[in-house]
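Chemist: sequence-free structure coming up:
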Ligand SMILES: [Ca+2]
Ligand SMILES: [Ca+2]
């Protein structure tokens, strides 16, 4: 039964993705689609807190990277948009120094890709994570720095 149903499920899923394939229809204007999610990329740089609040206002969360594949796509988007540093990631160690957790659910990060030697909590004041395009890896930075950001929601 499973052997029969699976191809059918994939057929229906791929038909749906064709019908809803256009970003403007699936995600709305100004949003980009990648796999099961919609992404909004900021046109200016913000503090970590302002980035988070903007994403909430848009009915989304800050970008929380789940995989190397997603990160690769985000890296491309950052480069196309000419982001100077990269994007904030929805991860911080404000609750417990040294332990980075996801902002949306306070759980352990499902995926990390820190620059070697990071997170280093430089000067004791770095508590917010960002994707650093220059190194294609992550750094902890000062939460009040202004960095571009991306918001993410389910399609
Ligand atoms: Ca820290
Ligand atoms: Ca750092």
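Modeler: It's in. On a predicted model such as this, the values are computed, not experimentally measured, just so you know. Ligands and ions are numbered 1, 2, ... in the order given.
Chemist: what's near enough to touch residue 113?
Modeler: Each residue near residue 113 by CB atoms under 8 Å, 6 or more residues apart in numbering is listed here: 65, 68, 71, 136, 137, 138. Glycine gets a C-beta too; all of them are placed from N, C-alpha and C.
Chemist: List the buried residues of the longest strand that the chain contains.
Modeler: Secondary structure assigned by DSSP state E gives strand 86-92 as the longest strand of the chain. Buried residues in strand 86-92, counted by 16 or more other CB atoms under 10 Å: 86, 87, 88, 89, 90, 91, 92.
Chemist: could you give me the average pLDDT of that strand?
Modeler: Averaged over strand 86-92, pLDDT sits at 98.
Chemist: same for that strand, what does it pack against?
Modeler: helix 48-57, strand 61-62, helix 68-81, strand 101-102, strand 128-132 (3 or more CB pairs under 8 Å, 6 or more residues apart in numbering; DSSP states H and E).
Chemist: Now tabulate these in TSV and tack on mean pLDDT, distance to residue 110 and mean neighbour count.
Modeler: What follows is those, written out as TSV (pLDDT from 0 to 100; distance: least, CB to CB, whole Å; neighbours: other CB atoms under 10 Å):
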stretch	mean pLDDT	distance to residue 110	mean neighbour count
helix 48-57	98	18	18
strand 61-62	98	14	22
helix 68-81	98	10	15
strand 101-102	98	8	18
strand 128-132	98	13	25
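Chemist: could I get these as JSON lines with distance to residue 122?
Modeler: Below are those laid out as JSON lines (distance: least, CB to CB, whole Å):
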{"stretch": "helix 48-57", "distance to residue 122": "15"}
{"stretch": "strand 61-62", "distance to residue 122": "21"}
{"stretch": "helix 68-81", "distance to residue 122": "22"}
{"stretch": "strand 101-102", "distance to residue 122": "20"}
{"stretch": "strand 128-132", "distance to residue 122": "12"}
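Chemist: Please convert the ones you listed to CSV, extending it with distance to ligand 1.
Modeler: Compiled in CSV, the helices and strands packed on strand 86-92 are given as follows (distance: least, CB to the ion, whole Å):
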stretch, distance to ligand 1
helix 48-57, 12
strand 61-62, 17
helix 68-81, 21
strand 101-102, 12
strand 128-132, 8
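Chemist: Among the buried residues of strand 86-92, which one lies nearest to ligand 1?
Modeler: When the buried residues of strand 86-92 are ranked by distance to ligand 1 (CB to the ion), residue 92 comes first, at 7.9 Å.
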